[in-house]
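[1] need the 3D shape of this:
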Amino acid sequence: MGPSGSGKTSLLSLLGCLLSPDDGKVFVEGVPVQGLTEKQKTELRRKKVGFVFQTFRLLHSISAIENVALGLEIRDPKQPDRTTAARELLVQFGLGGKLNREPDGLSPGEKQRVAIARALAGNPPILLADEPTASLDASAGKQICQILRSQAEQNGKTVVVVSHDPRWQEYASHTVVLSDGEVKHDQQAKSS
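    Numbers count the residues shown, from 1 in each chain. You can find the predicted model right below:
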């Protein structure tokens, strides 16, 4: 967490192997990222990391199911029956009745659920989310918080959310507050 300009998106870019650190080291599942070639980093991202963006980044000329199936194709071009897997993900997120709608026919909360389904396509163990509730109303934002929390609890994924939205503290198992690129507060949530 932290205000705009605190380094949250830069941290996600480091964790997602999009940037290299000036100092320190980044490990993804025990692999030091600094020693990898760009091709190896791309492969690591493709297989291990799903990204969720504030602006959804859906392709507007194709349907929800095609957007998610495309995520599967990128992660594993040889995977058979991508449409069935995409349908299952969208149904899981309550979008079974909107499979064939293009993004312009979806609410912001629905678009974000499609984007999360696409990021989870192929079952990556790591999910990185950049301000995933910033443009959502309270109800849709809470639903996204619950979905991402359940991915960590029920599916064993590592989920890192960067946000200035205080709603996330209720769902986080660990909160780190950044300011000007430095850790100002680091707290493990209390078990209930």
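[2] residues contacting the nearest residue to residue 166 once chain neighbours are set aside?
    Spatially, and ignoring its direct neighbours in sequence, residue 166 is nearest to residue 1 (7.8 Å; C-beta to C-beta, 6 or more residues apart in numbering). Every C-beta, even on glycine, is put in place using the N, C-alpha and C of the backbone. Listed by C-beta atoms under 8 Å, 6 or more residues apart in numbering, the contact set of residue 1 reads 8, 162-164, 166, 168-169, 175-178.
[3] just the buried members of those?
    Buried members of the contacts of residue 1, scored by 16 or more other C-beta atoms under 10 Å, are 8, 162-163, 168, 176-178.
[4] buried ones in the longest helix along the chain?
    The longest helix of the chain (DSSP state H) is helix 138-155. Residues of helix 138-155 classed as buried: 140-145, 147-149, 151-152 (neighbour count, 16+ other C-beta under 10 Å).
[5] packing partners of it?
    Applying 3 or more C-beta pairs under 8 Å, 6 or more residues apart in numbering; DSSP states H and E, we find helix 138-155 packed against helix 108-120, strand 126-130, strand 158-162.
[6] dump the second one to CSV, keeping only the CA atoms.
    This means strand 126-130. Provided in CSV are the C-alpha atoms of strand 126-130 (Å, rounded to 0.1, in the frame of the first residue of the first chain):
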residue,chain,number,x,y,z
ILE,A,126,1.7,-16.1,-8.8
LEU,A,127,-0.8,-13.4,-9.4
LEU,A,128,0.3,-9.7,-9.4
ALA,A,129,-2.5,-7.1,-9.3
ASP,A,130,-1.9,-3.4,-9.8
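[7] which residues touch that strand?
    So strand 126-130 is contacted by 8-9, 12, 15-16, 28-29, 48-54, 116, 119-120, 148, 151, 157-162 (C-beta under 8 Å, 6+ apart).
[8] picking up where we left off before, just the ones of the contacts of residue 1 in helices?
    Per DSSP H, helices hold the following members of the contacts of residue 1: residue 8.
[9] is it possible to get TSV of the contacts of residue 1 that adds distance to residue 69 and pLDDT?
    Below are the contacts of residue 1 laid out as TSV (distance: C-beta to C-beta, whole Å; pLDDT from 0 to 100):
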residue	distance to residue 69	pLDDT
8	30	90
162	28	93
163	28	89
164	33	83
166	35	84
168	29	87
169	35	86
175	35	92
176	35	92
177	38	91
178	36	92
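[10] distance to residue 188 added to the contacts of residue 1, as JSON lines?
    Formatted as JSON lines, those follow (distance: C-beta to C-beta, whole Å):
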{"residue": "8", "distance to residue 188": "19"}
{"residue": "162", "distance to residue 188": "18"}
{"residue": "163", "distance to residue 188": "18"}
{"residue": "164", "distance to residue 188": "21"}
{"residue": "166", "distance to residue 188": "18"}
{"residue": "168", "distance to residue 188": "15"}
{"residue": "169", "distance to residue 188": "12"}
{"residue": "175", "distance to residue 188": "8"}
{"residue": "176", "distance to residue 188": "10"}
{"residue": "177", "distance to residue 188": "13"}
{"residue": "178", "distance to residue 188": "17"}
